[in-house]
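[1] structure of the sequence below:
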Amino acid sequence: MAEATLNSQFYWDNIVIQVEDELFCVPRCEFVRSSEVFADMFLLPSGPAACHEGQDRKHPIVLEGYKKHDFACLLKVMYPTAGSLISGTKLDLDLEKKEWASVLKLSAVWNMKKIRAYAIHRLSTDISLSAIEKVILGRAHKVGAWLEEGLCSLVSSDYRPTLADLGTLGWETAAQILWIRDTTHSPLNVPNTLRFTRDAIKCGFCSSPSSLINFRYNCYNCGQPIPPEAELTFSGPGSATTTADRLITLKGIECNKCGRGPFKSLNVHCNFCSRTSNHGSNVRIMPNNKDMIEEIFGEEIEDYKSDIIDV
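    Sure, this is the predicted structure:
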């Protein structure tokens with residue numbers, strides 16, 4: 001009888017790994033496929049005993065500094081059972097929020113890019129993360145989208161973080177969040193200075209979210225262009241139309257280049273309500289929280305976003 005050959009797809013070498021006081025025995029192939037760290041480790045023996053390391057329970061590969069519970073969560077994703085695969089139309093790995101966070105943590109440590117991206121996807125779509133959790137997990141695991149979403153929620157007037165919540169973020173981040181909230185949500189019923197972009201100027205007669213000045217415009221006094229992203233200033237009293245919008249006089253707005261009124265010759269028609277605004281009209285200012293978040297946290301968010309690898 002001819003000698004049997006080994007099936008290239010379903011003949012696996014197992015590997016024994018010890019985490020804390022527990023042994024795990026799994027097919028070696030998935031660690032090689034999923035992680036450059038493990039693939040390199042298996043290729044480079046580190047000593048006389050390396051040829052036996054991981055081959056049996058007496059010679060396990062010992063992973064120091066990790067939790068066995070976290071490791072078991074990772075293995076559930078790497079080696080799903082038939083039951084989890086055929087239980088329905090969606091892969092059911094029976095992992096809770098903290099367990100998915102464990103998968104995310106270890107997959108990042110061992111450069112398991114696809115598993116990391118999959119854990120981010122499941123936590124983003126199947127698990128409800130609070131704004132505080134998004135900021136904390138976003139920073140801990142370098143997920144820029146979570147950090148940005150969490151910060152946007154925390155500076156929103158609809159969200160009221162507790163003192164305990166803010167304390168978990170650290171005093172500096174808490175202060176930055178409260179500063180953005182105070183800048184964008186406190187009513188202008190006392191003399192104050194408001195900074196905003198030209199794009200944030202909305203019609204004062206209606207609730208249109210569109211920018212009132214949607215064409216090229218130069219300052220009346222200095223003649224310099226005022227593009228949509230140009231910063232303008234208003235110093236003086238105003239009133240709040242909502243928790244975020246302010247109603248101010250157009251003639252009180254100052255050019256950031258010359259410090260004088262740029263809109264003396266302005267005569268603009270609102271496409272939403274058909275009313276006309278001029279130099280003496282009131283306009284709504286809708287401060288952009290995202291601009292302030294970008295100014296303070298933008299570099300950190302972009303750095304984390306660059307780490308995302310699609311599944």
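[2] now stretch 25-41: buried residues?
    Arg28, Glu30, Phe31, Val32, Ser34, Ser35, Phe38, Met41 (16 or more other CB atoms under 10 Å). Just so you know, the C-beta spots here come from the backbone N, C-alpha and C atoms, and that holds for glycine as well.
[3] what does stretch 170-180 give?
    Going by 16+ other CB under 10 Å, stretch 170-180 has these buried residues: Thr173, Ala174, Gln176, Ile177, Ile180.
[4] ramachandran coordinates for Leu63?
    Main-chain torsions, Leu63, degrees, to the nearest 10: phi -100, psi 100.
[5] what of Gly252?
    phi -90, psi 0.
[6] can you pull the contacts of it?
    Residues in contact with Gly252 (CB atoms under 8 Å, 6 or more residues apart in numbering) are Phe234, Ser235, Gly236, Gly261.
[7] same deal with Lys264?
    Tyr220, Asn221, Lys251, His279.
[8] pick the one among these closest to Asp126.
    Lys251 (52.6 Å; CB to CB).
[9] is it correct that that closest one falls within a helix?
    Yes. Counting by DSSP: H, G, I helix; E, B strand; the rest coil, Lys251 is located in a helix.
[10] show me the strands in the protein, by range?
    Along the chain, counting by DSSP state E, strands occupy 14-19, 22-27, 61-63, 193-197, 201-203, 231-235, 239-240, 246-249, 253-254, 267-269, 276-278, 282-285.
[11] okay, how far is it across stretch 21-38, tip to tip?
    By CA to CA, to the nearest Å, the extent of stretch 21-38 from end to end equals 21 Å.
[12] who touches that stretch?
    The contact list for stretch 21-38 (CB under 8 Å, 6+ apart) reads 12-18, 39, 42, 54, 57, 60, 68, 71-72, 75, 78-79, 110-112, 114-115.
[13] among these, name the buried ones.
    For the contacts of stretch 21-38, a burial check counting by 16+ other CB under 10 Å picks out 15-18, 42, 54, 60, 71, 75, 78, 110-112, 115.
[14] which of those sits closest to Asp303?
    Checking the buried ones among the contacts of stretch 21-38 against Asp303 by CB to CB gives Asn111 as the nearest, at 17.2 Å.
[15] ok, so what distance separates the closest one from Ser34?
    Distance from Asn111 to Ser34, counting by CB to CB, to the nearest Å: 9 Å.
[16] low-confidence ranges, the stretch 201-311 of the chain, go.
    237-245, 286-288, 307-311 (pLDDT under 70).
[17] can you list the domains in this structure?
    14-128, 129-185, 193-288 (automatic domain parsing).
[18] now do the last one: distance to the chain's middle.
    By that I understand domain 193-288. 31 Å (CA atoms, centre = their mean, to the nearest Å).
[19] buried ones in stretch 224-237?
    For stretch 224-237, a neighbour-count test (16+ other CB under 10 Å) marks Ile226, Ala230, Leu232, Phe234 as buried.
[20] setting the sequence-adjacent residues aside, check what's closest to the third one.
    To tie it back to what came earlier, the one meant is Leu232. Ile253 (5.3 Å; CB to CB, 6 or more residues apart in numbering).
[21] quick revisit: most neighbours per residue, which of the strands of the chain?
    Among the strands of the chain, the stretch with the highest mean neighbour count (mean count of other CB atoms under 10 Å) is strand 201-203, at a mean of 25.
[22] partner strands of that one, parallel or antiparallel?
    strand 282-285 (antiparallel) (DSSP bridges).
[23] list just the nearest of the contacts of Gly252 to Asp165.
    Nearest to Asp165, judged by CB to CB, of those is Phe234 at 32.2 Å.
[24] so what's the closest one up against?
    Per CB under 8 Å, 6+ apart, neighbours of Phe234: Thr193, Leu194, Phe196, Ile248, Gly252, Ile253, Glu254, Ile285.
[25] closest to Cys206 out of these?
    Using CB to CB, Ile285 is the member of the contacts of Phe234 that sits closest to Cys206, with 14.5 Å.
[26] residue ranges in the stretch 51-200 of the chain under the pLDDT threshold?
    By pLDDT under 70, the low-scoring segments of the stretch 51-200 of the chain are 51, 84-91, 157-158, 184-192.
[27] let's see it at 90
    51-55, 80-94, 125-126, 128, 152-153, 155-162, 165, 179-197, 199-200 (pLDDT under 90).
[28] which parts of the stretch 151-300 of the chain are helices?
    163-167, 171-185, 289-305 (DSSP state H, counting those that start in this stretch).
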